[in-house]
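**Student:** got a predicted structure here, sequence first:
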Protein chains: 2
Amino acid sequence: MRIAVDAMGGDHAPGTVIAGTQLALDDPEFDGVDIVLVGQEESINSELDGTSFSSPHISIQPASQIVSMKESPTKAMRNKPDSSIAVGVNLLKTNDADAFVSAGNTGAVLASSLLSLGRIEGVNRPTIGSFMPSLTGGCVVFDVGANPDAKSVNLLQFAIMGSIYAKHIFEIDSPKVGLLNIGEERTKGTEVVIDAYGMIEQEVPNFIGNIEGRDILTGKVDVVVCDGFIGNVLLKFGESIFTALDKKLRKMIGNKPFAYLGAFLLKPVLKAIAREFDYQEYGGVPLLGINGVSIISHGRSSPKAIKNAIGVAKMMVDRQINEIIKYELKVHRVESPRMPQVDDPVIPQG
Amino acid sequence: MRIAVDAMGGDHAPGTVIAGTQLALDDPEFDGVDIVLVGQEESINSELDGTSFSSPHISIQPASQIVSMKESPTKAMRNKPDSSIAVGVNLLKTNDADAFVSAGNTGAVLASSLLSLGRIEGVNRPTIGSFMPSLTGGCVVFDVGANPDAKSVNLLQFAIMGSIYAKHIFEIDSPKVGLLNIGEERTKGTEVVIDAYGMIEQEVPNFIGNIEGRDILTGKVDVVVCDGFIGNVLLKFGESIFTALDKKLRKMIGNKPFAYLGAFLLKPVLKAIAREFDYQEYGGVPLLGINGVSIISHGRSSPKAIKNAIGVAKMMVDRQINEIIKYELKVHRVESPRMPQVDDPVIPQG
């Protein structure tokens, strides 16, 4: 298996990306995986030279341009045909790689993957999901930004794809799926979610109905379905909690000696909790519905997160997730006259 | 000034409501305020008899029916004309009270207020806001549930009303207003928010543009503008954080003796932070755009929260917030051809 990795993507590229790649190749679980680092050869080589690491399973695919984190995806695609993202995605298209992993500009990876590889048959709109930690482990949220104005059929497809993802990647037998809403009753919310409720209920076996904001941290479901606007706001709010609490705690402790000692003694526990709730630790945001395995990692990814993202890419290939999505959507389309044909062009934002 | 208080509203009514009323009347800041407890006379009297409290400023307005927290607002209005909510709101209509405070069924208070009192001239849709704590104190979020599918003109009006509220109730000279979105750029998000950006920019002086989920806890703005779907999900998610962390902390400490001692020493600080971030402590969720002062308090309100809600009601009357909203909306309507006439009937959900 060949996995292409965007060496230039992320806030601390290429350093962290290469460190993460090395972590993966050091792990016997990744036996049989070859990594293709995509990016500026000189920069990658000087980074590799700085380490004692060497492996026959690592190679370089040159790409001269870099898409920055804030760049407009459409502009980047037009003006930077030799970016590490464009070149990496193209390796999938030409079958020179089985998966692509990037911690770079999410919109650009989505746009590039979508236009080069297209959608899986039956998918109206691809979705970007994210892991959100909870008391009982965590859940995946679909969508977190690719579809700010999702329609009910999109929400249905997020539910189907998210459920497949949770089942085969997290190995949950029958993942519980919840529709994020403002009340438990099926009549609550906007027309879009009320309509989606009826559709998901028919198509997704372990749909437990509407969930509310308070149900996410308690771990009520494994898959949260919502539009990309709310998913994105929620994710960024969630990511900000620990930094805010840390600042608050330091300020309140000030120079109170007992509190200071208390914090010192409690530190290992507080750190363990913070780590468990640290979103970037998980790595590997799935981009589902694309005709190819494209994995997005957080811009602030640590080497461990990069390694995890490569792990997700490996599982996506090994377990043939895209084939399953294609098959399941076909089944649902046959069984449900409600599921429309692919007709809904997606124009990435920016 | 006469403030009607729903004695039957909230999870622990009438006990906590009456305790909160007493806290208020004990405070010299509430001199000149008479409280009318609305509800089942016998139940209120037996609760009052259980305390040593007596005041010439307290009276009872009988109402035989109770709207439960989960009841459908429209059904409640139809079937319970003598509920404490209906009777309390009617006191406003007949000018027998200057304000009404309820910790009961939010939808029923909204529906009843809207239909009995109507909207302030110029308001298309009334909005329910909520306080959200942050590192620098907190902000108010409009809307948190009255308008799950707000249009851009509604968002504009939430911005104007929310700004007036923050200025006159929180005494912030020029409150910073932010539009909740999935990116900072003005081209981000759905058509509704992109359109709202342009309108708010023209009409609200201290509009700082789009904010993201991560900006709420850092206290970047005083007023957060969003539709009621996202506001509601976010609020309930926020409310759930401390319970989740508390559970996690207890579990992780387990029987580790150093961590246990640490938690003991740090307890006063942790408690102070939890209190600061405890949404229900604040009480008095504003219902703006209604032609009368109707204040909603959290169902789980403590006596202190009830007292605070009565305090908000008093300020709303003293500072003539509704008159200011009416005036400001008139000014904006004259100045901006974009601001439509009132034409948009509001049908409360349920």
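**Tutor:** Sure, I can see it.
**Student:** all helices of chain A, in order?
**Tutor:** Along chain A, the segments classed as helices by DSSP state H run A:15-26, A:41-49, A:73-79, A:84-93, A:106-117, A:152-169, A:191-203, A:228-253, A:257-276, A:303-318, A:321-335.
**Student:** need the residues of the stretch 251-350 of chain A near chain B, please.
**Tutor:** Within the stretch 251-350 of chain A, the positions lying close to chain B (Cβ under 8 Å from any Cβ of the partner chain) are A:252-253, A:256, A:258-259, A:261-269, A:272-273, A:276, A:349-350. In short, each C-beta sits where N, CA and C put it, glycine included.
**Student:** equivalent analysis for the stretch 101-250 of chain A, please.
**Tutor:** A:134-135, A:145, A:148-149, A:180-182, A:185, A:187-191, A:212-218, A:226, A:228-230, A:232-241, A:244-245, A:247-249.
**Student:** switch the cut-off to 7 Å
**Tutor:** When proximity is defined as Cβ under 7 Å from any Cβ of the partner chain, the stretch 101-250 of chain A approaches chain B at A:135, A:145, A:148-149, A:180, A:182, A:188-190, A:212-214, A:216-218, A:229-230, A:232-237, A:239-241, A:244, A:247-249.
**Student:** for the stretch 201-350 of chain A, which spans come out with low pLDDT?
**Tutor:** A:279-281, A:333-350 (pLDDT under 70).
**Student:** 90 instead?
**Tutor:** Along the stretch 201-350 of chain A, the parts satisfying pLDDT under 90 run over A:205, A:239-264, A:266-286, A:297-302, A:328-350.
**Student:** measure how buried A:Val317 is and give me the count.
**Tutor:** 18 (other Cβ atoms under 10 Å in any protein chain shown).
**Student:** could you verify my assumption that it touches A:Ile295?
**Tutor:** No. Applying Cβ atoms under 7 Å as the test, A:Val317 and A:Ile295 come out as separate, 10.2 Å apart.
**Student:** please enumerate the shared neighbours of the two.
**Tutor:** A:Ala99 (Cβ atoms under 7 Å, 6 or more residues apart in numbering or on different chains).
**Student:** was I right about A:Ala309 contacting A:Val101?
**Tutor:** Yes. The criterion here is Cβ under 7 Å, and A:Ala309 meets it with A:Val101 at 4.9 Å.
**Student:** what's the spacing between the residue lying closest to A:Ser54 once chain neighbours are set aside and A:Asn322?
**Tutor:** Counting by Cβ to Cβ, 6 or more residues apart in numbering or on different chains, A:Leu48 is the residue found nearest to A:Ser54 once chain neighbours are left out, at 7.9 Å. Going from A:Leu48 to A:Asn322 by Cβ to Cβ, to the nearest Å gives 32 Å.
**Student:** for A:Val141, same thing?
**Tutor:** In terms of Cβ to Cβ, A:Val141 sits 20 Å off from A:Asn322.
**Student:** the two - which one has more neighbours?
**Tutor:** A:Val141 (28 against 20).
**Student:** what is the closest residue to that one other than its chain neighbours paired to in the beta sheet?
**Tutor:** Among residues not flanking A:Val141 along the chain, A:Val224 sits closest, at 4.4 Å (Cβ to Cβ, 6+ apart). Counting by DSSP bridges, A:Val224 forms beta bridges with A:Val141, A:Gly178.
**Student:** got a list of what A:Val224 touches?
**Tutor:** By Cβ under 7 Å, 6+ apart, the neighbours of A:Val224 are A:Cys139, A:Val141, A:Gly178, A:Leu180, A:Ile211, A:Ile216.
**Student:** the first one reaches A:Val223, doesn't it?
**Tutor:** Yes. The pair formed by A:Cys139 and A:Val223 meets the contact definition of Cβ under 7 Å, at 6.4 Å.
**Student:** what's the burial count for A:Ala259?
**Tutor:** Neighbours around A:Ala259, by other Cβ under 10 Å: 21.
**Student:** returning to what we had before: can you tell me which of the residues of the stretch 101-250 of chain A next to chain B are buried?
**Tutor:** Buried by 16 or more other Cβ atoms under 10 Å in any protein chain shown: A:135, A:145, A:148, A:180, A:182, A:188-190, A:212-214, A:216-217, A:229-230, A:232-237, A:239-241, A:244, A:248-249, out of these.
**Student:** could you list everything the residue nearest the centre of chain A pairs with in the sheet?
**Tutor:** The structure's chain A has its C-alpha centroid closest to A:Val285; by Cα atoms, centre = their mean the separation is 1.1 Å. Assessed by DSSP bridges, A:Val285 has beta-bridge partners A:Ile296.
**Student:** quick check: it touching A:Thr127?
**Tutor:** No. Here A:Val285 does not reach A:Thr127: they are 10.4 Å apart, not a contact under Cβ under 7 Å.
**Student:** buried residues, stretch A:38-47. List them.
**Tutor:** Neighbour-count burial for stretch A:38-47, counted by 16+ other Cβ under 10 Å, picks out A:Val38, A:Gly39, A:Gln40, A:Ser43, A:Ile44, A:Glu47.
**Student:** pretty sure A:Ile18 is one of the things the last one touches, is it not?
**Tutor:** In this case it means A:Glu47. Yes. A:Glu47 lies in contact with A:Ile18 (Cβ under 7 Å); the separation is 5.1 Å.
**Student:** in the stretch 51-200 of chain A, where is pLDDT below threshold?
**Tutor:** For the stretch 51-200 of chain A, applying pLDDT under 90 flags the ranges A:51-56, A:69-70, A:72-74, A:121-122, A:133-138, A:145-146, A:170, A:185, A:187-188.
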